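Student: Any chance you could fold what I've pasted below:
(2 chains)
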2 protein chains.
Amino acid sequence: MNLDSLYSQLQVKTPAKLALVVLDGLGDLATRSQGFLTPLEAANTPNLDKLTEVSAQGRMIPVAHGITPGSGPGHLALFGYDPIEFQVGRGVIEALGLGLELKAGDVAARANFCTLNDKGIVTDRRAGRIKTEVCEELCALLSKKVKKIGDVEVIIRAGKEHRFVVIFRGKGLEGPLTDSDPNREGLTIPAAKPTNAKSAKQKKAAKLVADFYKAALPVLKGRQPANGFLLRGIAHQPAIPTFQERYGLRAAAIAVYPMYKGLSQLVGMKKIEGAETIAQQFERYLAEYNNHDFFFIHYKYTDKAGEDGNFEAKKKAIEDFDAALPILLSRCPDVLAITGDHSTPCALKGHSWHPQPVLLTSECSGSDKLERFTETGANLGSLGVFEAKYLMRLMQANAKMFDKFGA
Amino acid sequence: MNLDSLYSQLQVKTPAKLALVVLDGLGDLATRSQGFLTPLEAANTPNLDKLTEVSAQGRMIPVAHGITPGSGPGHLALFGYDPIEFQVGRGVIEALGLGLELKAGDVAARANFCTLNDKGIVTDRRAGRIKTEVCEELCALLSKKVKKIGDVEVIIRAGKEHRFVVIFRGKGLEGPLTDSDPNREGLTIPAAKPTNAKSAKQKKAAKLVADFYKAALPVLKGRQPANGFLLRGIAHQPAIPTFQERYGLRAAAIAVYPMYKGLSQLVGMKKIEGAETIAQQFERYLAEYNNHDFFFIHYKYTDKAGEDGNFEAKKKAIEDFDAALPILLSRCPDVLAITGDHSTPCALKGHSWHPQPVLLTSECSGSDKLERFTETGANLGSLGVFEAKYLMRLMQANAKMFDKFGA
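Tutor: Reported below is the predicted structural model:
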């Protein structure tokens, strides 16, 4: 018997409220240059410290030992989906994040305007970060000129600055394809290719992308600096069971960045808008408390600071989070998990595979009697080191959502 | 290659003696109301403390993250069998516990006498907890009147108070069926139904149970308060390799309660009777030391106290256990594991999913240099947090029962 089937079989409905609070890229490394303290250890976090008294802790392997996840796999694991089984292209996530509704089988790509010289060589992969208005103007132009390729509908939507999204809607298409992006300046745009040479649907999608370039590049001719574009994360919308289907939970997402709104859409969460700061996000949680069973609250700034290698900024982001936490705790959900989707160590200036710390609190979480919530402390917790995809199952257990297994 | 096959392939015979000592429901939670101490932490356990000096510790996930096991899955995992692969119905366990020998394919049900009103509604699910003698009398009557249904033999055996067991022995039968128990008073007895609608064998078993009700209820007519009965855990005896087959170990069980005798029977352990207290159980171990390679010693009272939510009683049960421990240690087995089959936190008054602590000692267990055996201490142990089904493999390794893998 499959483990997921067992969980489904034991699942019962309870009135519990659950919240998953994600500090993006929270995990970090203790290095000599920072006195062997991580940002979480260096930060002043009186509210997290207090919560620790009644919480269990552990560390989570985002995907598998040594695997560094992107935001997609990182979040799918947190949502309880095996990130190796459920692979979602970046294009799909970006499209969802921009509010586009995808249909099963749609192929979506994340696009950047770029600058090409007269030999077709990429001289700026971000087209000088053109203004959003310019991007919108160019996308409108492309939409007007390239509506269809053969029987396939083309949908183009502008994002921020040089970013946009392209969706191909037609029959018999499938991703993922390789990126039509040289990943550095000084090279021409490579063709997008099937990742599975045996897939006829991927071949058709690759041909379509090539035809799209043929139709769209002439439209941009002379539109310096945005006279070309790169496509990345070209993938189709996969079939993923929703939170309602999988857990019987009415889930809501309180996220600020498109990517995370998109990820939450993918599993059927309702988007709750109207918040910019973490304090406002927690206020929205309070306002929506009765309308949902599960809240995903996403905080971006820890990851941003980690990506920049800015230790002080990451520490400050954690302190800002901690300062807002009492708003959430003024109506503490029955089950609360606070964690990251992965580590983004300042020393590495990027995502990493290091297990992120997790704090879990409920009436029946027990206490690990730790004084703070930190990477080093989490190593001593009762949850041990476990795969992130099981966090949802532990949250469900803490919500008493599982019957006993066997007599 | 399957991991079990690898273990089998590497397995060798050694003269080592192994003992698995289970304090049922040992694991608990540190909560504010008990000063953030678990019963194990609050108890005075000088003998366990001393043993800790030369032991490794860890915590074990009974089945999977967030899954609360019944005694069946909890013990099968401790015996080294995947509890999801080997599922055993309660009826089977109860039957074995009453000393009935089951044959492969027998379908067994756990039964309660109950009280029905004249409309067939259950007014007392335990028939006022009739005396054991009354139960025996009624079972004798039923046995006499309902010997066969069609070509299927019916075997009825009285348990304690209102409890008894029914076995159906015939061809082409299979469980599990749903319970013919409304689970609360005020409803009629529901029919037992197949859990797999496609199974012809389950359909046959369900028909049989219906026919058994038709034959047996008239026999009980007017026998207030026990004029009806409920069947639960209706299942067939699965094929499970014995300890001898799987590990090459002559195993013995020193348990007091029927359920645990039954579980040990299922994997072919020899029942050692004649003990009531844990001190007597340890004495029996000493007396039988030369006759077996493996001893399963089961202590019930920690679980009982946990189920009652009685912190002091659980602490006392642990202290009583500790006081008797020197008897076992007077001839310490080569490999000794002391653990629970799951947690039964006093705060939850029931089984739970929280990993139970485990202590493992042998000449080659190493020492984790912990001062006590507790949940919080076990978090720091060298065994980490692991699935309970691997404990037997660790015990075997400590008994030097495995050759090196590869050159």
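Student: Now do A:Val54: how many residues are near it, please.
Tutor: 18 (other C-beta atoms under 10 Å in any protein chain shown). All C-beta atoms are positioned from the backbone trio N, CA, C, and that covers glycine.
Student: Kindly report the same for the one 4 residues further on.
Tutor: Using other C-beta under 10 Å, the number of residues around A:Gly58 comes to 25.
Student: what's the helix or strand for it?
Tutor: Element membership of A:Gly58, judged by DSSP states H and E, is strand A:56-61.
Student: Beyond that strand, next helix or strand please.
Tutor: For strand A:56-61, the following helix or strand on the C-terminal side (DSSP H and E) is helix A:71-78.
Student: So which elements touch the following helix or strand past that next one?
Tutor: Scanning the chain past helix A:71-78 towards its C-terminal end, the next helix or strand to appear is helix A:90-97 (assignment: DSSP H and E). Taking 3 or more C-beta pairs under 8 Å, 6 or more residues apart in numbering or on different chains; DSSP states H and E as the contact definition, the neighbouring helices and strands of helix A:90-97 are helix A:71-78, strand A:107-116, strand A:163-169, strand A:228-236, helix A:258-266.
Student: check whether the helix or strand that comes right after the fourth one contacts chain B.
Tutor: Taking DSSP H and E as the definition, the helix or strand that follows strand A:228-236 towards the C-terminus is helix A:243-247. No: if you take C-beta under 8 Å from any C-beta of the partner chain as the test, helix A:243-247 misses chain B, and the best it gets is 11.8 Å.
Student: Return the distance of helix A:243-247 from the chain's centre.
Tutor: Relative to the chain's own centre, helix A:243-247 is displaced by 19 Å; criterion: C-alpha atoms, centre = their mean, to the nearest Å.
Student: before we move on, the earlier item: of the helices and strands packed on helix A:90-97, which is nearest A:Ala192?
Tutor: Distances from A:Ala192 to each of these were compared using C-beta to C-beta; the shortest belongs to strand A:228-236, at 5.6 Å.
Student: send the alpha carbons of the closest one over as PDB?
Tutor: Taking only C-alpha atoms (Å, rounded to 0.1, in the frame of the first residue of the first chain), the coordinates of strand A:228-236 have been written out as PDB:
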ATOM      1  CA  GLY A 228      14.900  40.300 -28.700                       C
ATOM      2  CA  PHE A 229      13.700  38.000 -26.000                       C
ATOM      3  CA  LEU A 230      14.700  34.800 -24.200                       C
ATOM      4  CA  LEU A 231      12.400  32.000 -23.000                       C
ATOM      5  CA  ARG A 232      13.000  30.000 -19.900                       C
ATOM      6  CA  GLY A 233      11.200  27.400 -17.900                       C
ATOM      7  CA  ILE A 234       9.100  26.300 -20.900                       C
ATOM      8  CA  ALA A 235       6.700  23.800 -19.400                       C
ATOM      9  CA  HIS A 236       3.100  22.600 -19.400                       C
END
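Student: Report the angle between it and strand A:163-169.
Tutor: 50 degrees (axes from the mean of the first three to the mean of the last three C-alpha atoms, to 10 degrees).
Student: Next up, the contacts around A:Tyr285.
Tutor: When the contact criterion is C-beta atoms under 8 Å, 6 or more residues apart in numbering or on different chains, the partners of A:Tyr285 are A:Ala19, A:Ile254, A:Phe295, A:Ile297, A:Ile327, A:Leu328.
Student: pretty sure the first one contacts A:Thr339?
Tutor: No: here A:Ala19 does not reach A:Thr339: they are 11.4 Å apart, not a contact under C-beta atoms under 8 Å.
Student: For chain B, give me its nearest residue in the stretch 101-250 of chain A.
Tutor: Using C-beta to the nearest C-beta, the point where the stretch 101-250 of chain A gets nearest to chain B is A:Tyr247, with a distance of 11.8 Å.
Student: Leaving out chain neighbours, which residue sits closest to that residue?
Tutor: The spatial neighbour of A:Tyr247 that comes closest, neighbours along the chain excluded (C-beta to C-beta, 6 or more residues apart in numbering or on different chains), is A:Gln396 at 6.7 Å.
Student: cool, A:Ala279 as well?
Tutor: Counting by C-beta to C-beta, 6+ apart, A:Ala279 lies nearest to A:Ala324, which is 4.2 Å off, once chain neighbours are set aside.
Student: pretty sure that neighbour is touching A:Phe282, no?
Tutor: Yes: using C-beta under 8 Å, A:Ala324 is in contact with A:Phe282, at 5.7 Å.
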